[in-house]
Structures are given as C-alpha cells and as structure tokens.
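# Kindly generate the corresponding structure for this input.
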Amino acid sequence: MADKIAYYEIRYRIGQEPLEPGMRWFPEWYRSKRNRFVDRPDKEREVSACFETGRIVTLTGIGGTGKTRLAIACAARRANLYEDGVFFVSLATADLAENPASVSTRRSLAFVCQAISSALKRTGKEAQPEALFEWLKTKQILLLLDNYDSVRCEEVGHFLLKLVAETSGVSLLVIGRETLDAVNVEVLVDLNEGMTDAEARTLFLERARLKNRLRGDLSKEQERELRRILILTERIPLALELAAARIEDYSLQKIAQGLARTPLRKRGKAVGLRADDTIALRRHRSLERSLTWSYRLLDVTTQRLLTTASLFADTFDAATLQAVYGPKKVRKGLRALRTASLVRRQEDVDSTGAYRFRLHRATREFASQRLAELPNSHNIMRRFVSHYVTLVKENRDKLDDLSRLPLLDNEWRNTLAAADLAAEIQDHWSVILLSMIDRFLDLRGLWFEQVGVCLKALASARADDDRQNEGVALHHLGSAYRSQGRWAEAIEVYQQSLSIDREFKDRIGEGKTLCNLGLVYDSQGHWEEAIEVYQQSLSISREFKDRIGEGGILNNMGFVYRSQGRWEEALAVHQQSLNIYREFKYRVGEGHALCNMALVYKARGESTQALTLARQAVDVFEAIAAKNHLKRAQELLEEMESGS
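Next up is the predicted model:
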C-alpha cells in the first residue's frame, strides 16, 4: 500500500517485456485501458535527444497537454540506462491549499527532499537535503518530478541544479507548467503546441471506440467534422478525451457545433501561466472551453456533484462523496461524470472493496472555480471538513495501528485538504481535531506534512486563545521535529509546551513532555541532560501510579545507560521495566524489554544470555501475533545467532 502515497517506482531489468517495463509500478491511472498512452513519436524522440545534451529535461505546458503520460512513457523506454532505477515523485500534495501561507510553506526544499526520499525508501535524517545529496552522488538514477510548478522556488531550483552539476549519474525529467529557468543547463520540451493531427486523430478515435463508436473507416463528412474538432480543441489531449466522451449521445457534427458555440474566456487568471505567453494562454482557453462545454451538458445535480468532487485532493469513493454532497444519491451522477471523462475510476478496488475515483488536475481546478460560484458552497465545504473530522475521531486510537494503514493511505491527503479548508474558513476547532492525524503521518514518515498540520493546529489554538490546546499542538510539533532530527527546534517547542503544562498544573502532560525531551537529549548524545529529565518524568509517573508509563521511562533510561557503557545500570532499569510489564500483562512491553536486555548482554559479550532473552522475546510476540514486532525480534535473534 506504500505505493498509494503517490510515490511510484519504475524499474526496467533485462528479461522484462519490452513494451511493459515495470508497468506494475506505474501510477494506477496510467495502467488503465481508458488512459492508454497514445504514442507521440516526435516528442519521444525530442525528449531522448534532449538527454543526449543535458541531464535536466523539462516537459512544460498547460494542464491537460499530456505531460505526465509522455514523461512516464519516455522514462520507461530509457530506464535500462540507469543502473539504480527510475523513480516517479509526485509533488501534487504541494498544490492542495489555496491560502498563501500554506502554499509558501510547501514550496520548500524540505518538502521536495522528503518527496524524493520517500520515493527512494529513505527516511529520517536520510531525507535531509545534505544526506540525500551525498547518497545520490554515487547513483545512476532518473528522477521524474511531477507537478514541479507546485514547489517552484529559488531554494528548490538551486538544489536541483546542484544535484546535476555536482553528481555524475543523476538525471531529472521535470514535469510542470513552469520551468526551472536554468539557462544553459535545462533543456525544454514544450507541449503547448498540442498533439500532431495524426496523434490527435488516433487519440480521439481510440477513446471513441472504447464506447463502441466510429469503428471502421470514416466517411468524408465524418472526417471533415473530426478535423473541426481537432482545430477547436487545439489537439490538447484532455480536450480531445472530453469531446470523444460525448460520442455515445452526439454525432461528430453536434460535438463540433457544441464546442464552436461555447465562447472562449477572454479574461481571468490561468494558473502557472505568464500573461505574455500568448500561445499557452490561448490553448488554456481552448481547454477551458472544452471543460465548459462538457460541464454545461450535465444536469444541475451532476454539475454540483462535480464541483463537490473538486474538494478532494486525492482519490475518493462513492460513499465519501455521498457524505459530503448531501442527501441525494451520487452513483448515477458518478456514472454520468465517468461517461463524460470528467471523473476517472481507478482500475483496482481499495482495501474495503470499493472503487475509487479521481479528477484530472485541470478538471479539479475548473470544478473548484465553479464550486466557488454556488450559493451553498460554504455548506458543502463544512460537510467536507466534518466528514474528515469524523474519520479522524473514529480512528483516533488507531492512528498508529498498522491494520488501519490501508484506509489512511487513501485518505491522508484528503484529511490534510480538510485541515487547509478548515483553516481557510476559520473553523479552528476542526483544524485542531484534524491535526490528530499527525501520528499516522509520523508512522508513514511524512514528516513535512506532520509539521505542517501541527503548525496549523498551533495557529488555530492561538487564534482562539486556547492555551491548553496550544500546549498540545506544541507537544506534537516537537515530536515532528524530533522525527526529522531537528533537535534545536524540538527542544524549543517542548520547552514552550512544558511551560504551558506547568501553567495549568497538568502534571501528566508535564511528565510526557519531559519524557520526550529526554528522547531528544538522548539522540544528541547529551546523556546527563537525558537522565535528569527522565528522572523528573519517572517521578511524575510514580506520583500518579502510571505503572505502564513508568516501565516505558525505565526502558528509555536503559538506552542511555547502554549508550554510556553503564551495563549494570542498564540491566537494572530494563529488569524493573520487565517486571512491571509482566505484572500488568502488557505483552508488547514485555517483548521489548526482553529485546533490550538481550542487546545489553550482547554488548557485554555474554552471547548465551543474550540468545536466551532474544528467543523469549520472539516467543512473546508469536503468542500475541504481533507481526511487525515479531519480525524485528526475529531479525535480532538471527543477527545474534549468526554472530555467535
């Protein structure tokens, strides 16, 4: 399920089918028969030639020109040239929010490095810019950076240039409406001119024949009308697909007439386009005309359903759309939207057995503008926020439960979009509730998003002058910084959280914050400071008779003693922790305590005792069917057995 976080790996190895290199790793929408790539040989040759002269190639063009599909096809054909593989990195999550503060925080080097690192299966400190750069220096690798315009800024541009300038094997295939503006380094492939006549004709007919129309040779009249459609759509792939989608109900002549009678928009801002880029602006207006024509052919109910779907930052299922849209049934409307190619269905069902749907980015932007024009748009937005608040609340005790990962993998982007929307409409309490997803984000290694949602919760608490929730948000923010190895920032916000805990005489909160401070000091190698705050936290746990919490703190103290080589003290606290866990029949804690004691004995060279404890840990985890804990314990046991 990790693939569904929008990072996809494309590999090619000798022996695979030449026409389908690594297809199982492509994004699901790319594999769909409805979205089959139509060869664009001239552009494919152009991209290949660009890589002969440079290692940064950028495909640029308005939305709907087929940039991503072309890039994936080109990468697949070149993948055998890169020993360490080809990786697709979606930066689309950077483009979810409309409020300037949120967009600016996502336009950062930290976000881009995390996205690349996630694609490369690198986490924690490995995802920081310096570490990522050092790792990539020795690699022969191609990175596809999709939706680059979402993160375009000077800091990111400099890093990408450094990647190419100071490494010998890293190549970049950048996909976006904007370029890096790297003169003499970046090679551009402009898709704003649209497809060739032959390619556009093939695409239109392929999509029409999926609906069992226009099979066989076309008449002269049909060829003439098809030619009109190609001109009116400016041979833009998405516009052609929208036109072909109507072939069941309309003749070629009616489709051409409908497009011709829909006026081009004369004014208005086009996302990611310069005001002086007349070709791109004209084609953007042509695409919008196609979208407007398709939209007007829908009944009012289905139009509103499409505008509601624009709120989702990721895929969605029919039940969720129903919950957000309101009382009327949505399945008939979804079928109509699929028929019109305004909504696309994923080929595979999700973990619940339901199909999921998505909007093309350009369609989502168009529908979002229509949503803003609806008189009841505010109510729809509130239902969207409310749905995801309910989702998080229902799973609040399971946000770090591995069995819930499939559900949250599908919904975390939508949840973050709900948090952005709640902040935009100043629903501060909902922002705070939605921020509870930070535990899942931490588990998945999505630390940039974790920091972002914690910062939103902090801002919302301060906007409401809610000191207690401010302290909670600071605590969670500190944990996010700690996961990223940002020690100074973690200590600063933990200290602020600690002050609020003491202000409200929240001794339990104070104990948790002190424990987390200990983890930061331990990670920095500041052993004495770590032991000092652990002792304070331990005292609070004993004051409130929190025996399980006491066991956890004792285990943490054992880590510090072990790092210092203070074996007897480490064994003593781990043994105390083990006794507590056994007393309260907390089997997971018991297994961890046994593993920790095994590591101490191993470090002292007492392999027999270490093996005995490691085997006991494996037995504990097997007894409770704790698969992930069992796997780590088995790895520890195998390591010790091979060492012995």
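
# confidence score at the residue of the chain positioned farthest from its centre?
No residue in the chain sits farther from the centre than Lys220, which is 48.6 Å out by CA atoms, centre = their mean. At Lys220, the pLDDT value in this model is 94.

# go on, the one 5 residues further on?
Model confidence at Glu225, given as pLDDT, is 96.

# where are the low-confidence patches of this protein?
1-35, 93-107, 124, 265-277, 400-404, 644 (pLDDT under 70).

# The residue farthest from the centre of the chain and Thr233, how far apart?
With distances taken as CB to CB, to the nearest Å, Lys220 is found 21 Å from Thr233. All C-beta atoms are positioned from the backbone trio N, CA, C, and that covers glycine.

# Same question for Ala110.
Counting by CB to CB, the gap from Ala110 to Thr233 is 40 Å.

# what do you get for Ser341?
Counting by CB to CB - Ser341 and Thr233 are separated by 13 Å.

# So for those two, which residue has more residues nearby?
Relative neighbour count places Thr233 above the other of Ser341 and Thr233, with 30 against 21, counting by other CB atoms under 10 Å.

# List the residues that contact Ile544.
Wrong residue type there; residue 544 is Phe, not Ile. Applying CB atoms under 8 Å, 6 or more residues apart in numbering to Phe544 gives the contacts 507-508, 511.

# Reformat those residues into TSV and put distance to Glu583, neighbour count and secondary structure next to each item.
Formatted as TSV, the contacts of Phe544 follow (distance: CB to CB, whole Å; neighbours: other CB atoms under 10 Å; DSSP: H, G, I helix; E, B strand; the rest coil):
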residue	distance to Glu583	neighbour count	secondary structure
Arg507	23	15	helix
Ile508	21	14	helix
Gly511	20	25	helix
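
# how distant is stretch 451-458 from the center of its chain?
Relative to the centre of its chain, stretch 451-458 is centred 17 Å away, using CA atoms, centre = their mean, to the nearest Å.

# buried ones in it?
Residues 451-458 are the ones in stretch 451-458 that count as buried (16 or more other CB atoms under 10 Å).

# Helix or strand next in line after the helix or strand containing Leu160, which one?
Element membership for Leu160, per DSSP states H and E: helix 154-165. Using DSSP H and E, the helix or strand that follows helix 154-165 towards the C-terminus is strand 170-176.

# How about residues contacting the helix or strand following that next one?
Per DSSP H and E, the first helix or strand lying C-terminal to strand 170-176 is strand 186-190. Here strand 186-190 makes contact (CB under 8 Å, 6+ apart) with 43, 46-47, 50, 53-54, 56-61, 174, 179-180.

# Next, the buried residues of the helix or strand following strand 186-190.
Under the assignment DSSP H and E, the closest C-terminal helix or strand after strand 186-190 is helix 197-209. Under the neighbour-count criterion of 16+ other CB under 10 Å, helix 197-209 has 199-208 buried.

# Out of those residues, which is nearest to Ala323?
The closest of the buried residues of helix 197-209 to Ala323 turns out to be Arg207 (CB to CB; 31.5 Å).

# Not counting its neighbours along the chain, what's nearest the closest one?
Of all residues not flanking Arg207 in the chain, Ala244 sits nearest, at 3.7 Å (CB to CB, 6 or more residues apart in numbering).

# Tell me which helix or strand Leu145 sits in.
Following DSSP H and E, one finds Leu145 within strand 141-146.

# ok so, going back, and for the residue nearest to Arg207, the neighbour number?
Using other CB under 10 Å: Ala244 sits among 25 other residues.

# could you give the angle of the strand holding Leu145 to strand 170-176?
Counting by axes from the mean of the first three to the mean of the last three CA atoms, to 10 degrees, strand 141-146 points 10 degrees away from the direction of strand 170-176.

# Mind listing residues that contact strand 141-146?
With contact meaning CB under 8 Å, 6+ apart, strand 141-146 is reached by 10, 68, 71-72, 75, 78-79, 81-82, 84-92, 112, 116, 119, 160, 169-176.

# Please check those and keep the buried ones.
Buried among those (16+ other CB under 10 Å): 10, 68, 71-72, 75, 78-79, 82, 85-92, 112, 116, 119, 160, 170-176.

# in the stretch 301-450 of the chain, which spans are helices?
For the stretch 301-450 of the chain, the helices defined by DSSP state H, counting those that start in this stretch cover 318-325, 331-339, 361-373, 377-394, 405-424, 428-434, 438-444, 447-463.

# And those helices: which comes nearest Val620?
Closest of the helices of the stretch 301-450 of the chain to Val620 is helix 438-444, at 22.2 Å (criterion: CB to CB).

# Does anything pack onto the closest one? Which helices or strands?
The contact analysis (3 or more CB pairs under 8 Å, 6 or more residues apart in numbering; DSSP states H and E) places helix 438-444 against helix 405-424, helix 447-463, helix 467-483.

# and those helices as CSV, adding distance to Ser523?
Compiled in CSV, the helices and strands packed on helix 438-444 are given as follows (distance: least, CB to CB, whole Å):
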stretch, distance to Ser523
helix 405-424, 26
helix 447-463, 15
helix 467-483, 7
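
# looking at those helices, which is closest to Ser377?
Among these, helix 405-424 comes nearest to Ser377, with 11.1 Å by CB to CB.

# Show me what that closest one is packed up against.
Where contact means 3+ CB pairs under 8 Å, 6+ apart, helix 405-424 is packed against helix 377-394, helix 428-434, helix 438-444, helix 447-463.

# how about stretch 413-421 as PDB, C-alpha atoms only?
The C-alpha coordinates for stretch 413-421 follow below in PDB (Å, rounded to 0.1, in the frame of the first residue of the first chain):
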ATOM      1  CA  ARG A 413      -4.200  13.900   1.600                       C
ATOM      2  CA  ASN A 414      -7.900  14.500   1.700                       C
ATOM      3  CA  THR A 415      -7.700  14.900   5.500                       C
ATOM      4  CA  LEU A 416      -4.900  17.500   5.100                       C
ATOM      5  CA  ALA A 417      -7.000  19.300   2.400                       C
ATOM      6  CA  ALA A 418      -9.800  19.400   5.000                       C
ATOM      7  CA  ALA A 419      -7.400  20.900   7.500                       C
ATOM      8  CA  ASP A 420      -6.400  23.500   5.000                       C
ATOM      9  CA  LEU A 421     -10.100  24.300   4.200                       C
END
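
# Please tell me how far stretch 201-216 is from the chain's geometric centre.
Offset of stretch 201-216 from its chain centre (CA atoms, centre = their mean): 35 Å.

# Quick check: end-to-end length of that stretch?
End-to-end distance of stretch 201-216 (CA to CA, to the nearest Å): 14 Å.

# Which residue ranges of the stretch 501-644 of the chain form helices?
Using DSSP H, counting those that start in this stretch, helices in the stretch 501-644 of the chain cover 507-524, 527-543, 547-563, 567-583, 587-603, 607-623, 627-643.

# just checking, Ala362 touches Gly64?
Yes - counting by CB atoms under 8 Å, Ala362 does reach Gly64; the two are 4.5 Å apart.

# thinking again about what came up before, can you tell me which of the buried ones among the contacts of strand 141-146 are in helices?
Secondary structure from DSSP state H places 68, 71-72, 75, 78, 112, 116, 119, 160 of those in helices.

# Now do the domain split for the protein, please.
For the chain, automatic domain parsing gives the domain ranges 2-190, 197-296, 300-374, 375-464.

# quick one: which two of the contacts of strand 186-190 are the most distant?
Maximum pairwise distance among the contacts of strand 186-190 (CB to CB): 20.5 Å, between Thr53 and Gly61.

# between these two, who's got more neighbours?
Comparing Thr53 with Gly61 by other CB under 10 Å, the one with more neighbours is Gly61, at 25 against 8.
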